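J.: take this sequence and fold it.
(2 chains)
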Amino acid sequence: METILAVLVGLLFAISVYLLLSGSLIRLILGVFVLGNATHLLIFVSGRLTRESPPLIESGLKVAEAGIANPLPQALILTAIVISFSLFAFLLVLSYRAYQSLDTIDTDDMRVAEPHAETLPMRGRDV
Amino acid sequence: MSDTTAWLVVWPVAVPLIGAALAIALWTRPQAQSAIGMIAIALQFVSGLALLAHVWANGPVAMAMGGWPAPFGIAFAADTLGAGLTVVASAVAMGILVYGLGDTDVEHRRAGVIPLLLALMMGVAGAFLTADVFNLYVWFEVTLISSFGLMVLGGRREQLDGAVKYAFLNLLATTLLLIAIALLYGMTGTLSMADLSGKVAALPADAPIETVALLFLVALGMKAALFPLHFWLPAAYHTPLPTVSAIFAALLTKIGVYSLMRVFMIVFPDTADIAREAMIWTAVATMIVGALGALAETDIRRVISFTVVSGVGVMIGGLAIGTELALLGTTFYVIHSIVVSAALFMAAGMVARAGGGTRIADLAGLYKGAPFLAVAFLISGLSLAGVPPLAGFWPKVYLVQAGLAAGEYAIVAGVLVSGFLTLMLMGRVFAIVFWRAAPEDAPQTGSDGGMVLKGALGAMAALTFLIGIYSAPVAELSGRAAAELLAPDAYIEAVLAGPPQTAATTPGTPEVQP
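T.: Below is the predicted model:
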């Protein structure tokens, strides 16, 4: 089971890297989304998989007996999902506003903040 | 008694959170928001000072959230480095906020600059004070989301352009950090930095520690703007409001540098040789590329953005050497850089007001109309270059000494060459923008912005001057921080022991013992 999930995580990372290397904002957004989900799955696998034994501590015990599912990765993933979802929403809005304002979704054409230098910087002896 | 001292660790984070909530509640009243912002940052500064005084007297102090004993719960912990940087960050943030109140009009403040700024300060203090790697990731995200909001405030075209690059690359960096944390957790089963310290050292030799350490270096290096992962910074830092640029340059790269120090000194103190080797060369490359990038720029705010990158190289250079003297230099440089980056971006904002733009070739003769601004800019620029007796001189002395003692000549050369290039660069900017005579037909320049802006900038310039001529307290603080980083036993002990169990006062707390 771990092997299958590990391969799946690798596949998702590969997809997200491919998408993130693209110059189109839409693909970048999808890439970030896939990357986030690959990471969540990675946290899940790195917490070890235990089937059909809920993380409950029996009354009277202070520490759980061995063999229960690990609840911590689920807490971590829940936190990460909430964060990545909100940031994803922000990225969507930002990209749409950038498209409206800059009239392109190709990152190579986004040069308003970094215009191609038409002149060399002024030298001290030009003063 | 111990309970109240443990609470000291929480206040620098809690105060801005409360302030941000209050400011959001008073959304329609910008004046009240401004007052809340000032009070909250001032209180954060005071609580940071109280924390630093306590740490100075009694050593590292920790607080387990919710009374869950370490290493199971999330702990906050402060040593000299974390507490000291919290104090410096909130002091500089206070200056930047004053500048912001003088610089931004009410419309911008109506758009939520105060709540976002307070949330950012909460994230910065959280990153400085947390003792848990996953919690560190969360604080990074807190600073990230509030910085996104600040970045696009105003919504001009170039801001959106800069924000797209800033947002995507920083989100990628924090996701990489999360991957590194997940892999580390998979190997060790713990997230507490203090617990990781022992568990990483005890891992079998075939454990892929190098891979995870390199991943931490890539992720945190990207946050810190380390070459070749620095491209987002000069693409974005010159676009937002001057206030926002100032606080970004002062604090955001520094939490990346701080986290690198924390992770590499506590989690991977004796392992990760490949990552250290990589750190040396990326540090040298960052110093030189940053300085050369600044030399090639034609916009004053972009020049300053590149000098921020160059400074990151100097800090990471000290960390890569890793001796006590080098860590002292790095800590001192972080403090100096927080002050001087804020000062330079404030000055650039006032240059834009006084000269009507930020293109260096279009600016001339500002000394005549704005002598105060010229002197403050010159002091900050010389301090950045490392000219004695200003604050930037001392950390470079320590770093060069440490580099020579450790035989890391590449870093010594990098510090000296980048310092020389920075001096050249600042001299050129000063000569062109302030010194040369304005042409006869030049348009009438505007005012440089009045007493509030001058006061804030003057305070920063005075601070860098004072730290320079009276460097003993900062050097002593940095020395203590360096010693604690090299021998983190007290920090680890404080976290793992935690405060005396609060189970007695809160009956509902499970009595799980580590």
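J.: the residue of chain B found nearest chain A and A:Leu19, how far apart?
T.: In chain B, no residue comes nearer to chain A than B:Gly186, which is 2.8 Å away by CB to the nearest CB. Glycine gets a C-beta too; all of them are placed from N, C-alpha and C. Taking CB to CB, to the nearest Å as the measure, B:Gly186 falls 25 Å from A:Leu19.
J.: pLDDT below threshold where in the stretch 101-250 of chain B?
T.: Residue ranges of the stretch 101-250 of chain B with pLDDT under 70: B:106-109.
J.: what does it put close to chain A?
T.: Within the stretch 101-250 of chain B, the positions adjacent to chain A are B:134, B:138, B:141, B:144-145, B:148, B:152, B:155, B:157-165, B:167-168, B:171-172, B:175, B:178-179, B:182-183, B:185-186, B:234-236, B:238-239 by CB under 8 Å from any CB of the partner chain.
J.: from those residues, which land in helices?
T.: B:134, B:138, B:141, B:144-145, B:148, B:152, B:157-165, B:167-168, B:171-172, B:175, B:178-179, B:182-183, B:185-186, B:234-236 (DSSP state H).
J.: which of these are buried?
T.: B:134, B:138, B:141, B:144-145, B:148, B:152, B:158-165, B:167-168, B:171-172, B:175, B:178-179, B:182-183, B:185-186, B:234-236 (16 or more other CB atoms under 10 Å in any protein chain shown).
J.: burial check on B:Cys10, number of neighbours?
T.: Actually, residue B:10 is Val rather than Cys. Per other CB atoms under 10 Å in any protein chain shown, the neighbour tally for B:Val10 reads 18.
J.: what's the nearest residue to it if we skip its chain neighbours?
T.: B:Met63 (5.8 Å; CB to CB, 6 or more residues apart in numbering or on different chains).
J.: show me what the strand or helix carrying that neighbour is in contact with.
T.: Taking DSSP states H and E as the definition, B:Met63 sits inside strand B:61-64. Residues outside strand B:61-64 that contact it (CB atoms under 8 Å, 6 or more residues apart in numbering or on different chains) are B:5-10, B:51, B:54-55, B:70, B:73-78, B:131, B:494-495, B:497-499.
J.: whichever of those residues end up buried, select them in ChimeraX.
T.: A single ChimeraX command is used to select the members of the contacts of strand B:61-64 judged buried by 16+ other CB under 10 Å:
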select /B:5,6,8,9,10,51,54,55,70,73,74,75,76,77,78,131,494,495,498,499
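J.: which of the contacts of strand B:61-64 fall within helices?
T.: Using DSSP H, the members of the contacts of strand B:61-64 that fall in helices are B:Thr5, B:Ala6, B:Trp7, B:Leu51, B:His54, B:Val55, B:Ala494, B:Val495, B:Ala497.
J.: as a markdown table, these with distance to chain A would be great.
T.: Formatted as a markdown table, the ones in helices among the contacts of strand B:61-64 follow (distance: CB to the nearest CB, whole Å):
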| residue | distance to chain A |
| --- | --- |
| B:Thr5 | 28 |
| B:Ala6 | 23 |
| B:Trp7 | 24 |
| B:Leu51 | 26 |
| B:His54 | 30 |
| B:Val55 | 29 |
| B:Ala494 | 23 |
| B:Val495 | 18 |
| B:Ala497 | 19 |
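J.: make a markdown table from the residues you listed and add distance to B:Leu325 and pLDDT to it.
T.: Below are those laid out as a markdown table (distance: CB to CB, whole Å; pLDDT from 0 to 100):
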| residue | distance to B:Leu325 | pLDDT |
| --- | --- | --- |
| B:Thr5 | 31 | 76 |
| B:Ala6 | 32 | 79 |
| B:Trp7 | 35 | 83 |
| B:Leu51 | 26 | 93 |
| B:His54 | 27 | 91 |
| B:Val55 | 22 | 91 |
| B:Ala494 | 25 | 85 |
| B:Val495 | 26 | 86 |
| B:Ala497 | 30 | 79 |
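J.: can stretch B:367-381 be found next to chain A?
T.: No. Judged by CB under 8 Å from any CB, stretch B:367-381 and chain A are separated, with a smallest distance of 12.7 Å.
J.: what mean pLDDT does that stretch get?
T.: Stretch B:367-381 carries an average pLDDT of 89.
J.: now do that stretch: everything it contacts.
T.: B:340, B:343-344, B:347, B:350-351, B:354, B:366, B:390, B:426-427, B:429-430, B:434-435, B:438, B:445, B:447-448, B:454, B:457-458, B:460-461, B:464-465.
J.: any idea how far the longest helix along chain A is from the chain center?
T.: Longest helix of chain A, by residue count under DSSP H: helix A:72-102. How far helix A:72-102 lies from its chain's middle: 9 Å, per CA atoms, centre = their mean, to the nearest Å.
J.: so which bits of it are buried?
T.: So, applying 16+ other CB under 10 Å, buried residues of helix A:72-102: A:72-73, A:76-77, A:79-80, A:83-84, A:87, A:90-91, A:94-95, A:97-98, A:101-102.
J.: keep only the residues you listed that also lie close to chain B.
T.: Applying CB under 8 Å from any CB, the subset of those adjacent to chain B comprises A:73, A:76, A:79-80, A:83-84, A:87, A:90-91, A:94-95, A:97-98, A:101-102.
J.: so for the helix or strand hosting B:Val452, what's the average pLDDT?
T.: Here B:Val452, judged by DSSP H and E, is contained in helix B:450-469. Per-residue pLDDT over helix B:450-469 has a mean of 90.
J.: burial measure for residue 67, as a count.
T.: Unless you meant another one, I'm taking chain A. Counted by other CB under 10 Å, the residues lying close to A:Gly67 total 7.
J.: should've been chain B
T.: 18.
J.: counting neighbours, what do you get for A:Pro54?
T.: For A:Pro54, the neighbour count with other CB under 10 Å is 8.
J.: give the contact list for the residue of chain B closest to chain A.
T.: Counted by CB under 8 Å, 6+ apart, B:Gly186 has contacts A:Val45, A:Ser46, A:Gly47, A:Arg48.
J.: same deal with B:Leu217?
T.: B:Leu260, B:Phe264, B:Ala275, B:Ala278, B:Met279.
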